[in-house]
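Peer 1: Give me the fold of what follows.
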Amino acid sequence: MLRMSLVFGFLQVCHCSHFSMAHMPSLQPLLDAHVVDNELSGVIRHMVRKSYTPRLLAGVCEDTRPLQNLSLCTDVLCTVCAAENLQETNVTCVEPHSKKSYAYVGDRNATETLFHGIDGLFQKFTVNYDDTTNAYTPDCACGMLEGLIESRNCQLTAGVCTYFNLSQSTAETDEHFADVDPSQSSSVRLRAIVWDSAMPTKYSGRSLGWTDATKGVPVSSGADIVALQYDAVIEAARSLRKENPNRKCNPSHVPPMVIIPGFTSSTIEFKLNNAIPPKDLEWCNTTTHGEWKSLYPMDPSIMTHPLQIPCWNADFSSVFHPGNNTFGSLRSGLSTRTVGFGNFSGIAGLNQLVPYFELSGWTLGSDLFAAPFDWRLPSSAQGDFFADLKALVEHASASNDNAKVALWAFSYGPQFTLSFLHRMTPAWKDRYIDHFVASSPVWSGVPSALFGFVFGSAGTPQQQPPKNYPKECKDFTPYTGTCYTGPIAKSLLNSTLATCCGAATASNPGQSALFNFFASNATCHLLSSYVSTTTCDGMLGYSVPAGGGGGAGFETLFYRALCRGSPSVMWSFPRAGNNPNNTWTRDDVLITTKTKAYTAYDMKQLLEDLHLDASVLAQLAFLEQEPDLHGFAAPGVDTFVSYGSGTNTTATAVLATQDIDGRLPPLENVTTTSGDGLVPVRSSVRGLEWHAEQLALGKDLQYHEYPLQAHAACFPVGNVSASLQCYEDVLQVLLQKP
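Peer 2: Predicted coordinates:
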C-alpha cells in the first residue's frame with residue numbers, strides 16, 4: 001500500500017497546579033506529566049480533521065506524525081488505512097517504549113477510526129508492578145505517588161493515568177470526515193490504581209474508570225488537576241478497603257469524625273431586605289432582591305471600588321448590645337448564614353484535607369463531616385451552632401452503629417469546640433465523644449488578633465505614608481485614577497490637595513466628606529452626594545467620622561474592618577494573667593508608642609486611646625470575663641493537643657507615633673517569640689493545666705510539641721517532617737484506639 005504523511009498538530013498543554021493550602025507548603029502533583037486542558041479532546045478531534053487530505057484513496061495508508069506533548073506520550077504513532085471499497089477503515093496505534101499497541105476497524109469515516117485507535121491505546125496504559133524487582137513502572141500517560149499515608153506504619157502507593165474518550169458523541173456532517181466543533185468535545189479522564197505497599201501483589205484497588213471508561217474522573221478546562229487526581233485515588237482506596245476488609249493495614253478503629261474549622265475558614269453569606277443604609281453611607285444597597293450573596297470571602301471587585309468598602313464593612317460587622325449582653329448585625333434588615341453544614345463545601349481551605357482523611361480510612365458523607373460556623377461571633381453567641389453541632393454528632397453516631405465521634409478542630413476551632421463541650425453534660429460526652437483533637441489552639445489569645453484590631457496588620461511593618469503627605473488630609477485616604485460622579489456643591493480653582501482636603505472637612509464637619517482633586521489643572525470639586533465612581537486622571541477622597549486611612553492601603557483597611565467587625569477577635573486578645581508560661585503578665589508589653597506601653601492589663605485604656613465608643617468598652621469587659629476562656633474548665637473528654645514551636649512569631653508591635661489615636665498608626669517594628677508563625681507557644685500550652693481535672697474525670701490528656709510546624713499544619717504537607725509526624729500521631733490515637 002502507498003503511504004502518505006499525516007501531520008498531527010502541536011497541542012498546547014498545561015502544567016499540573018500544586019495542591020495548595022493557605023499558609024502551608026504545597027503537595028507535589030501526582031503526575032510528572034503535563035495534564036491536558038482547554039477541552040483537549042475537542043482540540044485533538046478538530047486538528048486531526050484539519051490535518052487530513054481531502055479524501056483517503058482506496059487501498060491507501062497514512063501515518064500520523066508522533067503525537068507531540070500528548071500527556072508525555074510523545075512517540076505514539078498511528079497508521080490509518082482505507083479498504084479498497086472505501087466502506088471500511090482501520091487503524092493501528094503504537095507506543096514504542098511500553099511496546100503497547102491497539103488496532104481498530106471502523107467504517108469509512110477515517111477520522112473517527114483514528115479517534116478509536118487513540119482511545120484504545122491510551123486505555124491500555126497503566127502502572128506496572130514487577131514483583132521480582134519490587135519496582136513500579138508507569139506508562140507514558142501515567143504518574144506515581146508513593147508513600148501515601150493511610151495509618152501509622154501502613155502506606156499506599158498510587159498511580160494515576162490520563163486517557164481519552166475521543167470517539168464518543170459527535171455528529172458526522174461530512175461524507176467521510178467528522179466536521180468537529182471543539183466545544184462539542186468528549187472528555188479527557190483520569191483513573192487510578194492503589195496498592196498496599198507492604199503486599200502490592202495481593203492487595204490493590206482500582207477506580208471506576210478501569211472497569212468502565214465512561215466513569216473515569218472527567219477533566220474540564222480550568223479544573224484543579226491535582227484535586228481531580230486525588231478524586232481518582234480516593235475511589236481506588238475505597239475499592240481497596242471494600243474488597244479487602246481483612247487486610248492487616250485496614251484501620252481497626254475508624255470513629256466517625258467532625259472537622260471544626262478556624263477563623264475565616266467558613267463561608268458566610270448575607271441577604272438584605274429593606275435594610276436601612278448606615279449613617280453617612282446613603283449609597284449602600286438596601287436589598288439583594290431575595291438573593292444570598294457572599295459576605296466572606298468578599299467579592300474581590302469591592303476592593304476596586306473604594307466606596308463599597310465601607311458598605312461591606314457595615315454588612316460584615318457584628319456589634320455588642322450591652323443592655324442584654326448579646327451580639328447582632330450592625331444593619332437592620334440584614335440576615336446571614338453559613339454554607340454547607342455537615343459537608344466541606346463551605347470551608348474552602350480545609351476541604352482540601354478530604355483526600356488525606358479518605359486515604360486514612362474515612363469516607364466523606366458516611367463517617368466524615370464538617371461543621372462550618374460564623375467565626376465572627378464569640379462562644380456566647382454560638383447557641384445555634386452548638387445545637388447544630390450536637391445534632392450532627394448524634395447523627396454521625398447513629399449512622400455508624402452508635403459509635404463515638406471524634407472532633408478535630410484547627411486553629412480558632414478548638415476554642416469553640418471547647419465551649420461546645422462545656423455546654424454538654426458529662427453523660428452526653430461519655431456517650432458520644434471519642435476524642436477531641438485540638439491543632440494549634442489559641443487558648444490564651446494571640447497578639448496578632450490585637451494588632452489586626454488596632455492597626456489592620458497581623459504584625460508586618462507597614463510602608464510609611466509619603467513624607468509630604470498633607471497634614472490636612474490626615475483623615476482621608478486619596479485614591480488616584482478614580483473619581484466620583486454626582487452633584488458638585490462647590491469648585492475651588494488654583495487648589496492643592498491640602499486645601500482640597502481642608503475644604504472638604506470644613507464643609508461637612510463631623511460627617512463623611514467627598515471630593516475630587518485634579519492635579520493637572522489644580523481643581524478641587526466638593527460633592528454634595530454620591531452617585532457612582534468612574535475612571536479619571538484625578539483622585540477621590542473619602543473620610544469616615546472616626547478617622548481615616550492616613551495613607552493606609554485597601555488591604556489594611558479591609559483587615560482592620562474584618563477584625564473590628566468580628567467580636568471573636570477581641571475574645572482572642574492576649575489573656576492577662578500571672579503565669580508567664582501561658583498568659584501575658586504585666587511585664588509582657590504588647591504595643592509601644594513613643595510615649596506609652598500597653599500590656600494585656602491595659603486593654604481598656606488602649607480602646608479609650610483609640611477613641612472607641614462605650615459599647616466597645618462594654619464588649620471588652622464582657623468578653624474578658626466570658627467563662628469558657630476565663631474559667632477555662634477542662635473539656636472532660638479524651639483530648640489530644642498539637643502545637644508548633646521554634647518559628648519566629650510576632651509578640652510586640654512598635655509604633656512610630658507618639659500616641660495611639662483613631663487613625664491607622666504605622667507599624668515601625670516588631671519583636672518575636674517562639675511559636676508556629678501565628679500563635680505563640682504560651683497560648684497553645686495553657687491546656688496543660690487541665691491534667692489534674694482530666695485525671696479526676698478519668699479522661700486522657702496528650703500534649704505534643706512539633707518544632708517548626710506551621711500553624712494548624714497537622715497533616716502531610718510536602719516533606720515537612722513535623723507536619724507528617726503530627727498527622728501520624730493523631731492517626732495513632734484515633735484509628736488504633738482499643
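Peer 1: What is the neighbour count of residue 422?
Peer 2: 17 (other C-beta atoms under 10 Å). Every residue, glycine included, has its C-beta placed from N, CA and C.
Peer 1: Any idea what residue 100 is bridged to?
Peer 2: residue 95 (DSSP bridges).
Peer 1: and it, what is it in contact with?
Peer 2: 94, 121, 124, 125, 139 (C-beta atoms under 8 Å, 6 or more residues apart in numbering).
Peer 1: Nearest residue to the last one in space, please, no chain neighbours.
Peer 2: Spatial nearest neighbour of residue 139, chain neighbours left out: residue 125 (3.8 Å); criterion: C-beta to C-beta, 6 or more residues apart in numbering.
Peer 1: if we can go back for a sec, closest to residue 482 among the contacts of residue 100?
Peer 2: residue 125 (54.3 Å; C-beta to C-beta).
Peer 1: what kind of secondary structure is that closest one in?
Peer 2: Three-state call for residue 125 (DSSP: H, G, I helix; E, B strand; the rest coil): coil.
Peer 1: Can you convert the contacts of residue 100 into CSV and add a column each for distance to residue 115, neighbour count and pLDDT?
Peer 2: Below are those laid out as CSV (distance: C-beta to C-beta, whole Å; neighbours: other C-beta atoms under 10 Å; pLDDT from 0 to 100):
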residue, distance to residue 115, neighbour count, pLDDT
94, 16, 17, 91
121, 11, 28, 91
124, 15, 17, 92
125, 16, 21, 92
139, 20, 22, 90
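Peer 1: Just give me the residue closest to the centre of the chain.
Peer 2: residue 349 (2.6 Å; C-alpha atoms, centre = their mean).
Peer 1: measure it to residue 299 for me?
Peer 2: Plainly put, residue 349 is 18 Å away from residue 299 if you go by C-beta to C-beta, to the nearest Å.
Peer 1: Show me what the residue lying closest to residue 493 once chain neighbours are set aside bridges to in the sheet.
Peer 2: Take residue 493 and drop its neighbours on the chain: the residue closest to it by C-beta to C-beta, 6+ apart is residue 523, 6.1 Å away. Beta bridges link residue 523 to residue 518 when assigned by DSSP bridges.
Peer 1: Run a quick neighbour tally on residue 523.
Peer 2: Residue 523: 16 neighbours (other C-beta under 10 Å).
Peer 1: Over to residue 269?
Peer 2: Residue 269 has 17 nearby residues by other C-beta under 10 Å.
Peer 1: Got the confidence number for it?
Peer 2: For residue 269, the pLDDT comes out at 96.
Peer 1: quick check, it in a strand?
Peer 2: Yes. Counting by three-state DSSP, residue 269 falls inside a strand.
Peer 1: if we can go back for a sec, okay if I get the contacts of residue 100 as a markdown table plus distance to residue 283?
Peer 2: Listed next are the contacts of residue 100 as a markdown table, based on distance: C-beta to C-beta, whole Å:
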| residue | distance to residue 283 |
| --- | --- |
| 94 | 67 |
| 121 | 62 |
| 124 | 63 |
| 125 | 59 |
| 139 | 61 |
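Peer 1: gap between the residue nearest to the centre of the chain and residue 412?
Peer 2: Taken as C-beta to C-beta, the span from residue 349 to residue 412 is 12 Å.
Peer 1: Repeat that for residue 348.
Peer 2: For residue 348 relative to residue 412 (C-beta to C-beta), the value is 15 Å.
Peer 1: Of those two, give the one with the bigger neighbour count.
Peer 2: When neighbours are counted by other C-beta under 10 Å, residue 348 and residue 412 differ, and residue 412 comes out ahead with 27 against 17.
Peer 1: Could you pull up the contacting residues of the more buried one?
Peer 2: 261, 262, 263, 265, 375, 442, 568, 572.
Peer 1: which non-adjacent residue is nearest the first one?
Peer 2: Beyond its immediate neighbours in the sequence, the residue positioned closest to residue 261 (C-beta to C-beta, 6+ apart) is residue 347, lying 4.6 Å away.
Peer 1: And the fifth one, by the same measure?
Peer 2: What sits nearest to residue 375 in space, not counting adjacent residues and going by C-beta to C-beta, 6+ apart, is residue 263, at 5.1 Å.
Peer 1: One more: residue 438?
Peer 2: residue 414 (3.7 Å).
Peer 1: Likewise for residue 250?
Peer 2: Nearest to residue 250 is residue 241, by C-beta to C-beta, 6+ apart, at 6.1 Å.
Peer 1: Check the one you found and give its pLDDT.
Peer 2: 84.
Peer 1: can I assume it sits in a strand?
Peer 2: No. Counting by three-state DSSP, residue 241 is not part of a strand but helix.
Peer 1: Contact partners for it?
Peer 2: Neighbours of residue 241 in contact, by C-beta under 8 Å, 6+ apart: 205, 247, 250, 361.
Peer 1: So the first one, which state does it fall into?
Peer 2: Per three-state DSSP, the local secondary structure of residue 205 is strand.
Peer 1: Which residue is the nearest non-sequential neighbour of it?
Peer 2: Per C-beta to C-beta, 6+ apart, closest to residue 205 is residue 240, 2.9 Å.
Peer 1: swap in the second one?
Peer 2: Counting by C-beta to C-beta, 6+ apart, the nearest residue to residue 247 once its immediate chain neighbours are dropped is residue 203, at 5.4 Å.
Peer 1: Need the per-residue pLDDT for the one you found.
Peer 2: On the pLDDT scale, residue 203 gets 85.
Peer 1: for it, what are its contacts?
Peer 2: 195, 196, 240, 244, 247.
Peer 1: Try it again at 6 Å.
Peer 2: 196, 244, 247 (C-beta atoms under 6 Å, 6 or more residues apart in numbering).
Peer 1: how much space between residue 538 and residue 316?
Peer 2: 30 Å.
Peer 1: Spell out the secondary structure type for the residue nearest to residue 261.
Peer 2: coil.
Peer 1: So it sits against residue 264, correct?
Peer 2: No. The pair residue 347 / residue 264 is not scored as a contact, 10.1 Å apart, by C-beta atoms under 6 Å.
Peer 1: Looking at these two, which is more packed in?
Peer 2: residue 347 (25 against 18).
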